[in-house]
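A.B. asks: got a sequence here, can you build the structure:
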Amino acid sequence: MPCAAVILVETSAPGNLGAAMRAAANFGVPRLILVRPGATPADESVLRWACGAQEHLEIVTAPSLPEAAAPFTTVIGTASGRGRKNLPVIGPAELVRELEDRTPGGTALVFGNETRGLRREDLDRCDLVVRIPTAGAFPVLNLAQSIAILLGHLTIATQPAPATSSNLATNAAMEALMAHMKEALLDIGFLDPVNPERILRKLRRLLGRAGVTGEEVTILHGICRQTLWASDRARRDDHDPS
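C.D. replies: Residues are numbered from 1 along each chain as shown. From the prediction side, this is the model:
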């Protein structure tokens with residue numbers, strides 16, 4: 001789990017709280033902690049914006065940020081793009097690198113009030129402070145946007161690599177395919193008979209980058225057979241005296 005909790009400090013607008021709940025649930029965050037909220041998750045207007053996210057979150061309240069952050073090993077504060085220019089902050093990409101060697105599941109993201117952001121004393125309690133880069137002319141992001149952007153970065157970074165197919169074609173199978181392709185492509189005049197390897201070399205590299213499977217080799221053999229059959233039929237039709 002890239003993030004164990006999102007902590008919202010003094011979120012005031014029902015719509016923002018509901019949208020924040022939705023963003024947290026979108027990325028599989030299991031816990032939402034509200035510090036002195038100006039709206040409650042049970043409000044009808046909050047639930048309209050949440051779109052059912054409350055069913056996927058454990059939502060609790062805490063009287064202060066220190067109490068909300070106490071269980072976590074890494075607490076990440078967020079700073080807006082305006083003000084606090086002397087604050088030591090990192091960007092989302094650096095945040096991902098910082099978290100690589102930290103305890104999995106022990107990370108909490110902290111977001112402040114929509115108008116004021118996090119107070120300096122709250123930021124000083126955080127292990128790391130992150131700022132999302134924005135255009136200087138209009139730097140302020142909506143709360144839910146900020147949550148989604150940071151959680152998106154963390155989620156993408158922790159996605160497992162795609163499993164490598166266990167049915168990749170053997171070198172022998174690829175050599176047989178290349179010979180079959182050479183036969184078919186020469187037969188239809190696609191390859192230069194004087195130097196067929198110029199194109200075949202490029203085709204070999206293309207297939208190598210693709211990581212062709214045994215099943216895909218069988219399909220390509222079928223295309224070669226059909227190409228040869230169609231070419232032979234065309235020649236026979238051309239020589240048919242009738």
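A.B. asks: tell me if I'm right that residue 191 and residue 182 touch.
C.D. replies: Yes. Using CB atoms under 8 Å, residue 191 is in contact with residue 182, at 6.9 Å. Using the backbone N, CA and C atoms, a C-beta is placed for each residue, glycine as well.
A.B. asks: shared neighbours, these two?
C.D. replies: Shared contacts of residue 191 and residue 182, defined by CB atoms under 8 Å, 6 or more residues apart in numbering, are found at residue 200.
A.B. asks: and the two? which has more neighbours close in?
C.D. replies: residue 191 (20 against 17; other CB atoms under 10 Å).
A.B. asks: and the end-to-end length of stretch 111-130?
C.D. replies: Across stretch 111-130, the terminal residues are separated by 10 Å (CA to CA, to the nearest Å).
A.B. asks: quick one: it to chain centroid distance?
C.D. replies: In terms of CA atoms, centre = their mean, to the nearest Å, the centre of stretch 111-130 is set 26 Å apart from its chain centre.
A.B. asks: name the element the residue nearest the centre of the chain belongs to?
C.D. replies: Against the mean C-alpha coordinate of the chain, by CA atoms, centre = their mean, the closest residue is residue 156 at 3.4 Å. Element membership of residue 156 [criterion: DSSP states H and E] is helix 143-157.
A.B. asks: extract the C-alpha set from that helix and format it as PDB.
C.D. replies: C-alpha atoms of helix 143-157 as PDB (Å, rounded to 0.1, in the frame of the first residue of the first chain):
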ATOM      1  CA  LEU A 143      -7.600  19.900  -2.200                       C
ATOM      2  CA  ALA A 144      -8.900  16.900  -4.000                       C
ATOM      3  CA  GLN A 145      -6.600  17.600  -7.000                       C
ATOM      4  CA  SER A 146      -3.600  17.700  -4.800                       C
ATOM      5  CA  ILE A 147      -4.500  14.400  -3.100                       C
ATOM      6  CA  ALA A 148      -5.100  12.700  -6.400                       C
ATOM      7  CA  ILE A 149      -1.800  13.900  -7.900                       C
ATOM      8  CA  LEU A 150       0.400  12.800  -5.000                       C
ATOM      9  CA  LEU A 151      -1.400   9.500  -4.500                       C
ATOM     10  CA  GLY A 152      -1.200   8.900  -8.200                       C
ATOM     11  CA  HIS A 153       2.600   9.400  -8.100                       C
ATOM     12  CA  LEU A 154       3.000   7.000  -5.200                       C
ATOM     13  CA  THR A 155       0.700   4.400  -6.700                       C
ATOM     14  CA  ILE A 156       2.400   4.400 -10.100                       C
ATOM     15  CA  ALA A 157       5.800   4.100  -8.400                       C
END
